[in-house]
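Novice: Predicted structure and sequence below. I'll ask about it afterward.
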Amino acid sequence: MPKSTLVKDIKAELLEQLKTKGMDFTMPWFRCGLPQNAFSKKYYRGGNLQHLDFVQRHNKWNCNQWGTFKQWSSKGHKIKKGSKGTQVYFWELKDKDEAYLNEKERAIFLATKKLPKVLLQKFFIVFNGYQIENYDIKKNLSHVKKMSEEAYQQIDASIEKTQANIIHHEGDAFYVKHAPFLNFENLQDDTIYMPHKENFFTDQDYYSTLLHELTHWSMTKERTNRVEKKLSYAEEELVAEIGSAFLCAYLGVEKKPRPCHAKYLNSWLQEVETKSERDVLKYFTLAQQSLDFFMKTFEEEETKEVA
């Protein structure tokens, strides 16, 4: 079987977006929601989200529903003739082959009869709803919501469930993990500072910015523990941009380009160009961990309310 180029493709797609969109770059657009399995209704994860969204936009497919050949066939659907599938990956925890044990692992195996676990990256092929004969795309489409006052209230309620300390002020948007020693502005630890909503051109701009700062807020040890990764400033900004794009799509907010993108663009390009494909995949994994944290928080709070 030929070696998969998927991880290499994900890096190339990210670079293409950075180079072609410039300061209008948002990562990614997710115009019709997070790519989702049409049958399990689970969202794809990490770099798969970027890759599937890229394929959707490249082909102008306004559909976020995907499935394997077997899944589509099991429901009586047929793949359109000439359709090319899209590769995605997943990680599987398996016993290490006894033939590849090192000396220490072999000694442990002989004593315990238990093989060490290894994480293997596997690949499979999926097809979009646009590639399926007679598939009712409109019926099954998961759109980014048309924003209404009620929709914004739901987003506010979700953000409130995080219990993040958010202070509105007359300055810029930023997150403070630890207030500086010379704290002339009386900044608080572990706090998001946001301009007032009326200072933004649109409500979408406001929520897009707030969700970016919330992704920074999720870095702490008790949340996602991203701080232990010791990311550079540019890397953390890129993870926050990817993570907020995931979160925007999940909550139904259209991601908007931020004015600071021009400032970060060169550093992002340098980070992505000089890193290996697997290092680039790390940014998506960390962003996924942030989304997982928020999804779990939203669900836990909903469960408490029902109980």
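Specialist: Ah, there it is. Numbering: from 1, shown residues only.
Novice: Could you tell me which helix of the protein is the longest one?
Specialist: Longest helix of the chain, by residue count under DSSP state H: helix 277-306.
Novice: Just the buried positions in it, please.
Specialist: For helix 277-306, a neighbour-count test (16 or more other C-beta atoms under 10 Å) marks 280-284, 286-291, 293-294, 297-298, 301 as buried. Quick note: C-beta positions are derived from backbone N, CA and C, even for glycine.
Novice: helix or strand for the residue lying closest to Arg278 once chain neighbours are set aside, which one?
Specialist: Among residues not flanking Arg278 along the chain, Val7 sits closest, at 6.4 Å (C-beta to C-beta, 6 or more residues apart in numbering). Using DSSP states H and E, Val7 maps to helix 6-21.
Novice: any idea of the mean pLDDT for the very next helix or strand once past that helix?
Specialist: Past helix 6-21, heading to the C-terminal end, the next element that is a helix or strand (DSSP H and E) is strand 36-37. Averaged across strand 36-37, the pLDDT comes to 93.
Novice: those strands in the stretch 101-250 of the chain, which residues are they?
Specialist: Secondary structure of the stretch 101-250 of the chain (DSSP state E, counting those that start in this stretch): strands at 117-128, 165-169, 174-176, 191-195.
Novice: List the buried residues for the longest one?
Specialist: Yep, that's strand 117-128 we're talking about. Using 16+ other C-beta under 10 Å as the test for burial, strand 117-128 gives Val126, Phe127, Asn128.
Novice: Any chance of those residues in JSON lines with distance to Cys248 and pLDDT as columns?
Specialist: As requested, the buried residues of strand 117-128 are exported to JSON lines (distance: C-beta to C-beta, whole Å; pLDDT from 0 to 100):
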{"residue": "Val126", "distance to Cys248": "23", "pLDDT": "97"}
{"residue": "Phe127", "distance to Cys248": "26", "pLDDT": "98"}
{"residue": "Asn128", "distance to Cys248": "21", "pLDDT": "96"}
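Novice: any low-confidence regions in the stretch 1-150 of the chain?
Specialist: For the stretch 1-150 of the chain, applying pLDDT under 70 flags the ranges 1-4, 17-31, 141-147.
Novice: I'd like the distance between Gln128 and Thr68.
Specialist: I think there's a mix-up here, since residue 128 is Asn and not Gln. Between Asn128 and Thr68 the computed distance is 12 Å (C-beta to C-beta, to the nearest Å).
Novice: err, Cys32, not the other one
Specialist: To Thr68, Cys32 is 20 Å away according to C-beta to C-beta.
Novice: between those two, who's got more neighbours?
Specialist: Taking other C-beta atoms under 10 Å, Cys32 and Thr68 do not tie; Cys32 has more neighbours (21 against 17).
Novice: will you turn the strands of the stretch 101-250 of the chain into a markdown table that also has distance to Lys139?
Specialist: Shown next, in a markdown table, are those (distance: least, C-beta to C-beta, whole Å):
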| stretch | distance to Lys139 |
| --- | --- |
| strand 117-128 | 15 |
| strand 165-169 | 38 |
| strand 174-176 | 40 |
| strand 191-195 | 38 |
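Novice: which one of those lies closest to Thr215?
Specialist: For the strands of the stretch 101-250 of the chain, the distance to Thr215 is smallest for strand 174-176, at 8.9 Å, taking C-beta to C-beta.
Novice: The closest one pairs with which strands, and in what direction?
Specialist: Its sheet considered, strand 174-176 pairs with strand 191-195 (antiparallel) by DSSP bridges.
Novice: Next, the angle from the partner strand to strand 165-169.
Specialist: Orientation of strand 191-195 against strand 165-169 (axes from the mean of the first three to the mean of the last three C-alpha atoms, to 10 degrees) gives an angle of 30 degrees.
Novice: how far does strand 191-195 sit from the chain's center?
Specialist: Chain-centre distance of strand 191-195: 22 Å, with C-alpha atoms, centre = their mean, to the nearest Å.
Novice: can you pull the contacts of Gln121?
Specialist: Tyr89, Phe90, Trp91 (C-beta atoms under 8 Å, 6 or more residues apart in numbering).
Novice: so it bridges to which residues?
Specialist: Trp91.
Novice: Please report the distance of it from Phe90.
Specialist: 8 Å.
Novice: which residues are common contacts for these two?
Specialist: With C-beta under 8 Å, 6+ apart, Gln121 and Phe90 have no common neighbours.
Novice: about what we covered before: could the buried residues of strand 117-128 be laid out in TSV, adding distance to Ala12?
Specialist: Formatted as TSV, the buried residues of strand 117-128 follow (distance: C-beta to C-beta, whole Å):
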residue	distance to Ala12
Val126	19
Phe127	22
Asn128	20
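Novice: which one among those gets closest to His212?
Specialist: Distances from His212 to the buried residues of strand 117-128, taken by C-beta to C-beta, are shortest for Asn128, at 28.4 Å.
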